[in-house]
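Trainee: Below: sequence and its predicted model.
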Amino acid sequence: MNYRKLTGGDGTDDVPFDIDTRIIEHDSEKIDKDYMNSRFEKYIKLLAEDVSPKEVEKLRKELHSSFSMLSQERQKLAGILLYDIQSGNIELNSNKTFNDYINEMLGKLENSKIKRVVKNLGCSEELLRELFRKGVTETNISEYGVFDELKESCDREKSRKFFEVAHGESYSDSYLSMYIDEYLRYFLLHDGEDQFVEIDYEEALNEEYKTKEYKQIDVALTEEDIKDTKIVTTVPTAQLSAWYKEGGALASIIESDAFAYVDGHLCLNKDTYLEKKASGVLSLTDYAKEHGEECFLKFITDEDGKLKYVTLPSALGPKSFNCHDHIPEELLVQYGLVNEMSGKMLKAINNLEFGDALQKLMSKQVCNYSFRLLENTTGLGKLTISNMRRGVNLNKLNVISTCLGVHMPSRVSKKMLELAGITLDVDLPGEEGVKNAIYDMLLHLKWATDYDDIIEELASQNLKHLLSEPKSK
């Protein structure tokens, strides 16, 4: 479900907003802007010159590798920007630096977020923007009465229509004021997130920033491209994890939930190729083992084992992608990189709190996974599980152990973490950032793996304290 369907609008009545990029400059101070801007300027110049594709590609890789200095949000926008430049979806301005483009995208992303709330509730844009830019917290959001003014400014009829769609059958007109308070409060305290629909960066920037036409980014590999390369379908966890951290096409594919990592393969997540055991673990079917070409993702590496390209299995059409290219959400759908199971699970828990969502996911209609099995699998105690069902004790260890124990696809785990108020910021300095990166890897690569095997693997790295340990262990 997208925002146009939720609001019932077509976007034509949006009013323009001024962009103040000064509010996001503080993030830029943490990175080496001069280096990144110099790589960007040189890359743009090469695109306009008659130089070899290899030279352009080399510089593009240098620019892409420098994205690791950015925050997660900026990395995502930088990938979109680079894709747009490659695809010709953006008219370049020689007076703009790389940082100028990212700041402009962040400003327009902010505008898009605010526009949606104004359209949904008919509230004061000025008051909403004032509170949003202040970066209010739970303790000061009600200071000076501005938040109360914002709530009072809402158009009750417009708000009623919005929440009738958002809440569906559970909507009650007597709770309208409460709905307005919760919706605005969540928006302001969660950096412009929407509690009903996950904001898609591509969609949010679409009207503001670029054309609606998406060019295909798959590449036709030549004999020269694959000369002196190695093609494999089996990859050990450590190697796959390292490639995933590099971002690009592989990360986009993994995060789509279209594949599950089983027996060293990234296998197409369909019943023909994967079967679910009583424990919830996925295993390869006999058909998959005999038809790997049809269902396994291919990894094309150079002589040193560095990833160059990934190729989809024949069931999706054997399309190949440069490993550095981010695949936008719209193109994931076009390439068939979607997972119906994840979609159904997310739909089942829409508008639910964590405890209710957990019970829904474990029900016979969804995962068919008992709470006793969760206890035996993860070692989480009865009291802990009972508290989680009531929305209590929602710390990282408990929630992530539960997600992995129940074998939730990564997009569903992401939603459950959000409901628990947990974020995995891999950019945090020190041990906390390292732990978050490990958790992120586990949720994306190990969700289909036997829980005991995950514990055993973590134990070999002295990391088993990150998850709840089964009593038998």
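Mentor: Done, it's in.
Trainee: how about residue 157, secondary structure?
Mentor: helix (DSSP: H, G, I helix; E, B strand; the rest coil).
Trainee: what ranges do the helices span in the stretch 51-200 of the chain?
Mentor: Per DSSP state H, counting those that start in this stretch, the stretch 51-200 of the chain carries helices over the ranges 53-65, 72-87, 98-121, 125-134, 146-152, 156-167, 176-189.
Trainee: Export those helices as a markdown table, with columns for mean neighbour count.
Mentor: For every residue, glycine as well, the C-beta is placed using N, CA and C. Output for those, formatted as a markdown table (neighbours: other CB atoms under 10 Å):
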| stretch | mean neighbour count |
| --- | --- |
| helix 53-65 | 15 |
| helix 72-87 | 20 |
| helix 98-121 | 21 |
| helix 125-134 | 16 |
| helix 146-152 | 17 |
| helix 156-167 | 17 |
| helix 176-189 | 17 |
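Trainee: Can you report how many residues neighbour residue 298?
Mentor: 17 (other CB atoms under 10 Å).
Trainee: tell me the residue furthest from the middle of the chain?
Mentor: The C-alpha centroid of the chain is most remote from residue 50, which lies 37.2 Å away (CA atoms, centre = their mean).
Trainee: closest to residue 328 out of the helices of the stretch 51-200 of the chain?
Mentor: Between residue 328 and the helices of the stretch 51-200 of the chain, the shortest separation by CB to CB is 6.5 Å, and it involves helix 72-87.
Trainee: any weak-confidence spans in the stretch 151-300 of the chain?
Mentor: 197-216 (pLDDT under 70).
Trainee: Format the helices of the stretch 51-200 of the chain as JSON lines; extra columns: distance to residue 239.
Mentor: Compiled in JSON lines, the helices of the stretch 51-200 of the chain are given as follows (distance: least, CB to CB, whole Å):
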{"stretch": "helix 53-65", "distance to residue 239": "18"}
{"stretch": "helix 72-87", "distance to residue 239": "22"}
{"stretch": "helix 98-121", "distance to residue 239": "31"}
{"stretch": "helix 125-134", "distance to residue 239": "42"}
{"stretch": "helix 146-152", "distance to residue 239": "50"}
{"stretch": "helix 156-167", "distance to residue 239": "43"}
{"stretch": "helix 176-189", "distance to residue 239": "39"}
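Trainee: For the helix or strand where residue 442 lies, buried residues please.
Mentor: Taking DSSP states H and E as the definition, one finds residue 442 inside helix 430-445. Using 16 or more other CB atoms under 10 Å as the test for burial, helix 430-445 gives 435, 436, 437, 438, 439, 440, 441, 442, 443, 444, 445.
Trainee: Next: stretch 443-454.
Mentor: For stretch 443-454, a neighbour-count test (16+ other CB under 10 Å) marks 443, 444, 445, 446, 447, 448, 449, 450, 451, 454 as buried.
Trainee: got it, and stretch 366-374?
Mentor: Applying a neighbour-count criterion of 16+ other CB under 10 Å, one finds 366, 367, 369, 371, 373, 374 buried in stretch 366-374.
Trainee: In helices only, show me these.
Mentor: Counting by DSSP state H, the part of the buried residues of stretch 366-374 found in helices is 371, 373, 374.
Trainee: Pretty sure residue 440 sits against residue 425.
Mentor: No. Residue 440 is not in contact with residue 425 according to CB atoms under 8 Å; the separation is 9.6 Å.
Trainee: coming back round to it: save the buried residues of stretch 443-454 as a markdown table, and put in pLDDT and distance to residue 46 too.
Mentor: Listed next are the buried residues of stretch 443-454 as a markdown table, based on pLDDT from 0 to 100; distance: CB to CB, whole Å:
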| residue | pLDDT | distance to residue 46 |
| --- | --- | --- |
| 443 | 96 | 38 |
| 444 | 95 | 34 |
| 445 | 95 | 35 |
| 446 | 95 | 40 |
| 447 | 94 | 41 |
| 448 | 93 | 42 |
| 449 | 93 | 43 |
| 450 | 93 | 48 |
| 451 | 94 | 49 |
| 454 | 95 | 45 |
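Trainee: For residue 185, which non-adjacent residue is spatially closest?
Mentor: Distances taken as CB to CB, 6 or more residues apart in numbering put residue 141 closest to residue 185, at 6.7 Å, once the chain neighbours are dropped.
Trainee: Am I right that that neighbour is in contact with residue 131?
Mentor: Yes. Assessed by CB under 8 Å, residue 141 is found in contact with residue 131 at 7.4 Å.
Trainee: Common neighbours of the two, please.
Mentor: 147, 188 (CB atoms under 8 Å, 6 or more residues apart in numbering).
Trainee: related to what we said a few turns ago, which of the buried residues of helix 430-445 lies closest to residue 190?
Mentor: residue 436 (17.6 Å).
Trainee: check contacts around that closest one.
Mentor: Here residue 436 is in contact with 424, 425, 426, 428 (criterion: CB under 8 Å, 6+ apart).
Trainee: Next: residue 128.
Mentor: Neighbouring residues of residue 128 by CB under 8 Å, 6+ apart: 114, 117, 118, 150, 184.
Trainee: Nearest to residue 400 among those residues?
Mentor: Out of those, the member with the shortest distance to residue 400 (by CB to CB) is residue 184, at 29.8 Å.
Trainee: how about that closest one, what does it touch?
Mentor: Per CB under 8 Å, 6+ apart, neighbours of residue 184: 117, 121, 123, 128, 147, 150, 151.
Trainee: From residue 159, how far off is the residue nearest to the last one when sequence neighbours are not counted?
Mentor: Taking CB to CB, 6+ apart as the measure, residue 151 lies nearest to residue 180, with 5.6 Å between them; neighbours along the chain are not counted. With distances defined as CB to CB, to the nearest Å, the gap from residue 180 to residue 159 amounts to 6 Å.
Trainee: Show me whatever sits in contact with both of these two.
Mentor: Contacts common to residue 180 and residue 159, judged by CB under 8 Å, 6+ apart, are residue 121.
Trainee: still on that earlier bit, could I get the buried residues of stretch 443-454 as a markdown table with distance to residue 300?
Mentor: Converted to a markdown table, these look like this (distance: CB to CB, whole Å):
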| residue | distance to residue 300 |
| --- | --- |
| 443 | 26 |
| 444 | 21 |
| 445 | 19 |
| 446 | 24 |
| 447 | 25 |
| 448 | 24 |
| 449 | 25 |
| 450 | 29 |
| 451 | 32 |
| 454 | 28 |
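Trainee: what about the strands in the stretch 251-400 of the chain?
Mentor: For the stretch 251-400 of the chain, the strands defined by DSSP state E, counting those that start in this stretch occupy 259-262, 265-268, 274-276, 282-284, 298-301, 307-311, 320-322.
Trainee: wait, which of those is closest to residue 81?
Mentor: strand 320-322 (16.1 Å).
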